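Participant: model this:
(chains A and B)
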Amino acid sequence: MLIPSLLGISVIIYTILALAPGDPFGQLLTNPNVPAAVVASLRAKFGLDDPIWLRYLHWLVAMLHGDWGFSFASRINVSTLILERLPVSLAILGAAELLAILIAIPVGVLAGTRPYSIFDKIANTLAFVGFSLPTFFTGLVLILIFSIRLNWLPFVFQSNMSSTGLTWLWQNILQSIMPVTVLGLFQGAALVRYVRASVLDVVRLDYVTTARAKGIGERKVIMRHIVRNALIPVVTLVAVQLPVVFGGAIITEQIFRIPGMGSLLISSILSDDTPVVMAITFVYAVLVIVFNLIADLLYAWLDPRIAYR
Amino acid sequence: MDAERLQRMIDRVKRGKLSRRGFIERVAAVGLTAPLANQLLAVAGIAMPTSSGIHYTPTKRGGGGTLKLLWWEGPTLLNPHFANGTKDQNASRLFYEPLAAWTPDGTLKPVLAAEIPSVENGSLAKDGKSVIWKLKQGVKWHDGTPFTADDVVFNWQYAKDPQTAAVTAGSYIGITVEKIDDYTVKILFAKPTPFWADAFVAANGCIIPKHLFAPYIGSKSRNAPWNLKPVGTGPYKFKTFTPGTLVQGVIFQDYHQPNRPYFDAVDMKGGGDATSAARAVLQTGEYDYAWDLQVSWDLLKKILAGGKGKLAFASGSAIEHIQVNFTDPNKVVDGERSSIKTTNPTLSDPIVRKALSLLIDRKSVQAYIYGEAGETTANFLNGPAQFVSKKTSWSYNVKKATDLLDANGWKPGPDGIRQKDGKKLSWLFQTSINQPRQETQEIIKQACKKAGIELRLKAILASVYFSSDVGNDETYPKFYADLQMYETEPPSPDPGFWMQQFLSSQVASKANKWQGRNITRWRNAEYDKIYAETTTTLDPVKRAAMFIKLNDLVVDHVVVIPLVFRKSVGASIDGLMMQLSGWDDDVWNLPDWFKETKA
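Facilitator: Below you'll find the predicted structure:
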């Protein structure tokens, strides 16, 4: 299933990009100093005058050989460009996801085991607020408060710090606090709701009542019996949702100037650098499919009742 | 001021009876003012001063820490011949240098040249067919190789080769470059060329080293590793580059100007948006300089209150203007609209165009939308000052416009819209999506409504509107509307190339895939004739007078309606001594930048 879906996705993305208005050399054409012959020779060089299907086939064959294409704007290989950006994105996203889980599980479990208590109501309200506010909004609010009013945190992300050792670590933590918080809280807010719902389902089951009847302490009941079972659907959810976080990160990266995949995608779209846009969207597509696969496998592994035949 | 009087003044400067400064001041006072006035003097045989405008006080090289620059568009490559827009030109300029740079007043300042060519020092041919550049000696590339005339000749060969696909090709295709000796090159022009300072000058003139790029000329150009790892002659050596986000340089200890540069390293961070870039300098002080702040004036004023820095303005000649379509955008002839075979049913009437120009409240547009970053103007050509007409004027007068229309038979119909012979004054007015432009459209629409003219507004995504996509009908060269508005800017201080956009021979059409540069499709024999004369006239004074006449023709016929002449705005942190040129890159005099230390 993996291969045909990827093929289908690539055809669709490629066609949409090819049909979309805009031209990678538009800026050159509006520059009156550039002779038309130069633009024509550039277009021919990058094969922009071929029909779409031929360009797609060229792209596909190159991709199968591990050649991701060539960026019009930077005149280097797309793979180099993406590999430079990927680590930063993964670090920020990983940290954000971790923060989300660290917040969501305790809050969700507490809220789920004490439904309709004050704590549950507060947690619910905050969760609603959290995932209703878009990241570009919370990002700007944080910048206004912590960078501009209080001047505590830098808001321009720097990838190449000249310092070393502990200062380097400290500076990186400082500059990551805001983007990670923005993404983590957004993701965490949604997760809280899922954890709570899942815990609520499990709490009502007979074996929990049985465990309680046996006189096992409340703490043990929650940890051993409720949480373990309630988290099974949550784990898969986290895996399936991870690509969504990638999407949310696009805007956050732009706001904080994080040199990740998202900001590369935006600048490539703006400069009509189709090979790069194609490659990044394709990477996202691959991520969605792969994480779905991981989710399925995890599910089976965590819950032996579900087995693949 | 007429040409004769100007000529007399130039003669007085020559005889030493009038100082250079006195000349510029006098010329300014009568209106024909100054930037390239200096070049007038140069061509007339008077050498130019070489100051850059910054009083440079540091007495030793280095020691200034890291200079942190913030560009909201990230540079994507570092070869000046491949620069996609100013962001790449600026980033390349950290490492590469041209023979000469344009100063804020439109004069040339030598960089890799030993002196600026002039008729007086014998390096500028009297017939306008050649120019000799003497190169500075003792200049070294970052890898220690000496810089010589061979490098200069190589850059010409490299850029003019269509296979190289250099964006600078336009400056090099029509010329021949010869080496005279190791430190002298001669540029030969096919025909007399009044504007000789294009090749090897400013942003398009940065010079790359022959010994590294020679194997990568022509179709192999894109494989050169040096496209991303520059080795230049500039004040900073290349350290790291991540395309689209960060360029880093460190001080070049063998730099050819004494005691320069002041900073030990330079970081250019790219990406994000203009507003937060302004904040990072003016409010938080995280960065030293932010480039091209296209931010609404109201907001910029608030950010400036942050108190960490100040604004820097560069006056080039960028003009936000409205173009009038002289052809009919609604009629299809031979498969194209706005065909040259049609005429616009209403806008072809000079009275209607005159009335329209009276309905444009430039003062409000400037005051409420562009603020100090714009100035109202009646002219299309706004600089350098010796090309600026003083005869033109503008006014905003709804009463006068309606009287004019009434008197000429354009009477309001039952729907309140003026018409004559069944033709209605109802126009489609298009521009790109950009908040100041939509606000301007609205101001104009309201004024037109008062006068009984209906404007239908249209805003098009900038990436579509400014593209060259032949298949798309919403691009600005196709001009499938009655009116349109955008900003345009001459590529150099000489208006020769720029003023081609009103030539009959340049009309954009299906036949030339809309690459013709005359987008209004206005045709005028007098304009064509005077323009032809400018290409052969070598006398700078007569030539300047001709360009003024060309500007006046365009303005008097209301081919375009100039709105505001825009300045680019940067933000610099307190204490940073720097200066913008307007005719060159923001970092044109980077070696002279330094920070004043507080005592």
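Participant: CA only for contacts and neighbour counts going forward, please
Facilitator: Fine.
Participant: I'd assumed B:Val587 was in contact with B:Asn90.
Facilitator: Yes. Contact criterion Cα atoms under 8 Å: B:Asn90 and B:Val587 qualify, at 6.4 Å.
Participant: what's in contact with stretch B:213-223?
Facilitator: A:Arg75, A:Ile76, B:Phe154, B:Tyr158, B:Asp161, B:Pro162, B:Gln163, B:Thr164, B:Ala165, B:Ala224, B:Trp226 (Cα atoms under 8 Å, 6 or more residues apart in numbering or on different chains).
Participant: Name the residues of that stretch that are buried.
Facilitator: Neighbour-count burial for stretch B:213-223 flags B:Phe213, B:Ala214, B:Tyr216, B:Ile217, B:Gly218, B:Ser221, B:Arg222 (criterion: 16 or more other Cα atoms under 10 Å in any protein chain shown).
Participant: Tell me how many other residues surround the residue lying closest to A:Ser263 once chain neighbours are set aside.
Facilitator: Spatially, and ignoring its direct neighbours in sequence, A:Ser263 is nearest to A:Gln254 (5.2 Å; Cα to Cα, 6 or more residues apart in numbering or on different chains). Burial of A:Gln254 is recorded as 22 neighbouring residues (other Cα atoms under 10 Å in any protein chain shown).
Participant: Remind me what the one helix or strand A:Gln254 maps to packs against, helices and strands.
Facilitator: Taking DSSP states H and E as the definition, one finds A:Gln254 inside helix A:228-256. Applying 3 or more Cα pairs under 8 Å, 6 or more residues apart in numbering or on different chains; DSSP states H and E, we find helix A:228-256 packed against helix A:78-113, helix A:135-142, helix A:165-203, helix A:261-270, helix A:274-302.
Participant: To B:Thr431, which of those lies closest?
Facilitator: Each of the helices and strands packed on helix A:228-256 was scored for nearness to B:Thr431 using Cα to Cα, and the closest is helix A:261-270 (18.1 Å).
Participant: quick one: least confident helix or strand in the chain?
Facilitator: Went with chain A since none was named. Of all helical and strand segments in chain A, the minimum by mean pLDDT, DSSP states H and E falls on helix A:26-30, at a mean of 58.
Participant: was after chain B, sorry
Facilitator: Taking mean pLDDT, DSSP H and E as the measure, chain B has helix B:37-43 as its least confident helix or strand, at a mean of 57.
Participant: for the record, mean pLDDT for the strand or helix carrying A:Ile16?
Facilitator: For A:Ile16, the element it lies in under DSSP H and E is helix A:2-19. Averaging pLDDT along helix A:2-19 gives 83.
Participant: List the buried residues in that helix.
Facilitator: Those buried within helix A:2-19 under the rule 16+ other Cα under 10 Å are A:Ile9, A:Ser10, A:Val11, A:Ile13, A:Tyr14, A:Leu17, A:Ala18.
Participant: of all those residues, which comes closest to chain B?
Facilitator: Checking these against chain B by Cα to the nearest Cα gives A:Ala18 as the nearest, at 11.9 Å.
Participant: For that closest one, give its distance to B:Lys513.
Facilitator: From A:Ala18 across to B:Lys513, the span is 20 Å (Cα to Cα, to the nearest Å).
Participant: Then B:Ala274?
Facilitator: 34 Å.
Participant: mind listing what residue 132 touches?
Facilitator: Just going to use chain A. Going by Cα under 8 Å, 6+ apart, A:Ser132 touches no other residue.
Participant: Switch to chain B, please.
Facilitator: Contact analysis of B:Ile132 by Cα under 8 Å, 6+ apart lists B:Pro117, B:Ser123, B:Leu124, B:Thr184, B:Val185, B:Lys186, B:Ile187.
Participant: try it again with 10 Å
Facilitator: B:116-118, B:121-125, B:177-180, B:184-188 (Cα atoms under 10 Å, 6 or more residues apart in numbering or on different chains).
Participant: Among the residues you listed, name the buried ones.
Facilitator: The neighbour-count criterion (16+ other Cα under 10 Å) marks B:116-118, B:123-125, B:177-179, B:184-188 among the contacts of B:Ile132 as buried.
Participant: Among those, which ones are in strands?
Facilitator: Mapping the buried ones among the contacts of B:Ile132 onto strands (DSSP state E) picks out B:Val177, B:Glu178, B:Lys179, B:Thr184, B:Val185, B:Lys186, B:Ile187, B:Leu188.
Participant: now for these, which pair is the farthest apart?
Facilitator: Comparing every pair within these by Cα to Cα identifies B:Thr184 and B:Leu188 as the most remote, at 13.3 Å.
Participant: Give the residue farthest from the middle of chain B.
Facilitator: Within chain B, B:Pro414 marks the point farthest from the mean C-alpha position, 46.7 Å out by Cα atoms, centre = their mean.
Participant: what's the distance between that one and B:Leu425?
Facilitator: Distance of B:Pro414 to B:Leu425, given as Cα to Cα: 13 Å.
Participant: just to revisit the earlier point, list residues touching both of B:Thr184 and B:Leu188?
Facilitator: Taking Cα under 10 Å, 6+ apart as the contact definition, B:Thr184 and B:Leu188 share the neighbouring residues B:Ile132, B:Glu178.
Participant: Does anything pack onto the host helix or strand of A:Ser41? Which helices or strands?
Facilitator: Secondary structure assignment for A:Ser41, by DSSP H and E: helix A:36-45. Under the contact definition 3 or more Cα pairs under 10 Å, 6 or more residues apart in numbering or on different chains; DSSP states H and E, helix A:36-45 sits against helix A:26-30, helix B:169-172.
Participant: Could you tell me which other helices and strands the shortest one packs against?
Facilitator: Identification of packing neighbours for helix B:169-172 by 3+ Cα pairs under 10 Å, 6+ apart yields helix A:36-45, helix B:149-160.
Participant: Could you look over those helices and pick the most buried one?
Facilitator: Sort the helices and strands packed on helix B:169-172 by mean neighbour count, taking mean count of other Cα atoms under 10 Å in any protein chain shown, and helix B:149-160 sits at the top with a mean of 22.
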